[in-house]
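Asker: take this sequence and fold it.
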Amino acid sequence: MGDRPVKKKCHRTSLLFIDNVAFGSAESLLSVAVTQFSEPSGGPTAAKPISLRRQFLICMGMCAIASIVIALWFPRPVLGVLLAGLSLPWQSAVGLLIGTALALGTLIGSRHKSQSGSTRRMVENYGKLDLRGWNPLWIALLAGFGEELLFRGALQPLVGLWISSLLFVLVHARAYRFRQFNKAVLIQALGLFAMSIALGLMARFAGLLTAMIVHAAIDVAGLYAIQRALIAAKPAATG
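Answerer: Next up is the predicted model:
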């Protein structure tokens, strides 16, 4: 009987880690733009939503950096990097299978921990994006393509899986408020690092397209969960 609180605490810690591997990794290149607005001086509604056009330009910037790195240090062009690995139908099938499973985990995780501090921080930060209508889908597609081309397509072959994943986490540090170091933040950072490692392994053994599809699927689920949370919060804010 006496060990039940310990077991319960361990179980909750495990659930938090699993949730963050799925929901907490629904970050993508969004955080590169979000970091500019992570602490608005006039409150969460002071700044205008970050437009889809801005996200597109950031994606193009990441693709440009990746293309320069590939042109300078790779023996094959960008198209060769994109087409490497399994055949495109197999890459698509594997990506859709894994991506669907993780997207479901993201949605379940968002419901399971809807009131947690990490979820509230994500809603606050990513709520600064323009998430109206179909925008979560387009933002997720831009994120999946741009970040995977840069981190998995260009950087990973040069600096290795572990260092590229560490860089991936560092890029998202401010958007996730990792500077507020505590147990919850550590678990969230480890979850994001684990997801980056998983995406790197997918890119290595299946192909870059697989990693892009999985990344986009997780982001679609995460952003729609945030969109739903923002819509649900509006009546409370106006009431």
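
Asker: now stretch 58-74: mean pLDDT?
Answerer: The pLDDT scores in stretch 58-74 average 96.

Asker: which elements pack onto the one helix or strand A229 maps to?
Answerer: In this structure, A229 sits in helix 208-238 according to DSSP states H and E. If you count contacts as 3 or more C-beta pairs under 8 Å, 6 or more residues apart in numbering; DSSP states H and E, helix 208-238 packs onto helix 78-83, helix 88-112, helix 117-126, helix 135-147, helix 183-205. All C-beta atoms are positioned from the backbone trio N, CA, C, and that covers glycine.

Asker: can you check what angle separates it from helix 135-147?
Answerer: 140 degrees (axes from the mean of the first three to the mean of the last three C-alpha atoms, to 10 degrees).

Asker: next, the buried residues of helix 208-238.
Answerer: Of all the residues in helix 208-238, those buried under the rule 16 or more other C-beta atoms under 10 Å are 208-230.

Asker: off-centre distance for it?
Answerer: 10 Å (C-alpha atoms, centre = their mean, to the nearest Å).

Asker: the spatially closest residue to G85 that is not a sequence neighbour and S87, how far apart?
Answerer: Excluding the flanking residues, the one nearest G85 by C-beta to C-beta, 6 or more residues apart in numbering is G207, at 2.4 Å. G207 sits 9 Å away from S87, taking C-beta to C-beta, to the nearest Å as the criterion.

Asker: those two: who's more crowded?
Answerer: G207 (25 against 11; other C-beta atoms under 10 Å).

Asker: pull the contacting residues for the more buried one.
Answerer: With contact taken as C-beta atoms under 8 Å, 6 or more residues apart in numbering, G207 is in contact with L83, A84, G85, L86, Q91.

Asker: redo that, cut-off 7 Å
Answerer: A84, G85, L86, Q91 (C-beta atoms under 7 Å, 6 or more residues apart in numbering).

Asker: repeat for Q227
Answerer: Per C-beta under 7 Å, 6+ apart, neighbours of Q227: L131, P136.

Asker: give me the below-cutoff pLDDT ranges for this structure.
Answerer: For the chain, the stretches with pLDDT under 70 are 1-47, 113-119, 121, 174-181, 235-239.

Asker: can you pick the most crowded of the contacts of G207?
Answerer: Q91 leads the contacts of G207 on contacts (other C-beta under 10 Å) with 23 neighbours.

Asker: thought that one was touching A211?
Answerer: No. Using C-beta atoms under 7 Å, Q91 makes no contact with A211, being 9.1 Å away.

Asker: which one is L141 nearest to, not counting chain neighbours?
Answerer: Per C-beta to C-beta, 6+ apart, closest to L141 is A216, 5.3 Å.

Asker: does the one you found really touch W138, like I thought?
Answerer: No. Counting by C-beta under 7 Å, W138 is not a contact partner of A216; they are 10.2 Å apart.

Asker: ramachandran angles for G127?
Answerer: phi -70, psi -10 (degrees, to the nearest 10).

Asker: now do the contacts for the closest residue to it other than its chain neighbours.
Answerer: Excluding its sequence neighbours, the residue lying closest to G127 (C-beta to C-beta, 6+ apart) is L230, at 5.3 Å. L230 makes contacts with V123, G127, L131, as judged by C-beta under 7 Å, 6+ apart.

Asker: with M202 instead?
Answerer: Contacts of M202 by C-beta under 7 Å, 6+ apart are T210, A211, V214.

Asker: distance-wise, check the first one relative to A216.
Answerer: Just to be clear, that refers to T210. Using C-beta to C-beta, T210 is found at 11 Å from A216.

Asker: picking that back up, what separates the residue nearest to G127 from A217, distance-wise?
Answerer: On the measure of C-beta to C-beta, L230 and A217 end up 21 Å apart.
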